[in-house]
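Engineer: build me a structure from this.
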Amino acid sequence: MGSDGDDLGYDMAPKPKMNFKGSKIGEGVPIILVPSAFQTSITIYNVKEFLEDGVFIPTDVKVKQMKGARPDCITVQKIFSRDRVVMAYEVRDKPWALKPEDWDRVVAVFVLGKEWQFKYWPFKDHVEIFNKIIGFFMRFEDDGVESAKNVKQWNVKIISISKNKRHQDRAAALEVWDRLEELVRSRSHT
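Structural biologist: Take a look at the predicted model:
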């Protein structure tokens, strides 16, 4: 990396206004879905800091900082390492509000591990969902095995973070970006 970045691919320089590149994944900006439930580690409130800065902030802390204002949509961006192209993603937590054409843009989901999360999804089962969409399950390292019981049966990447070691968050966020970059590259060539 150059002097403006770290060895995990995060650009440490101030973020200027950048031109975003779309992809051939549906029309428009790709969508990442997060759970709307508060009892999950990643929500609409804290996803931006985690994905863009590699820093996990608990949802309750972010809710207080945002004075409870719940955003409908968050935009996150990442400079992909190979070609230095900035990709923008919409992050949403209301799958029932998506139009049929929006589902063509959904590239990833952070799962709860609960069946009801997929109630409003236009797919017949988990096999179909996770063949089309990348799944991530965020958990704390010291959570019991019960927390990941359902997702171990799905084609989902389990990402563990520490409750106390914030310096490890970047590596966890980078796992998400590596999978997304791989998906975007594979779909943009088809």
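Engineer: okay, strands next: where are they in this protein?
Structural biologist: 31-33, 73-79, 86-92, 106-110, 134-140, 156-161 (DSSP state E).
Engineer: was I right to think Gln37 contacts Leu112?
Structural biologist: Quick fix: residue 37 is Ala, not Gln. Yes. Here Ala37 lies in contact with Leu112, judged by CB atoms under 8 Å, at a distance of 6.1 Å. (Each C-beta comes from the backbone N, C-alpha and C, glycine too.)
Engineer: and the two? Which one has more around it.
Structural biologist: Neighbour count, other CB atoms under 10 Å: between Ala37 and Leu112, Leu112 has more, with 22 against 13.
Engineer: next, the more buried one: phi, psi?
Structural biologist: The phi/psi pair for Leu112 (degrees, to the nearest 10) reads phi -90, psi -30.
Engineer: which pLDDT value belongs to Lys24?
Structural biologist: The model reports Lys24 with a pLDDT of 43.
Engineer: actually Leu112, not the one I wrote
Structural biologist: For Leu112, the pLDDT comes out at 89.
Engineer: and it, how far from Gly135?
Structural biologist: 11 Å (CB to CB, to the nearest Å).
Engineer: tally of neighbours for Gly135?
Structural biologist: 19.
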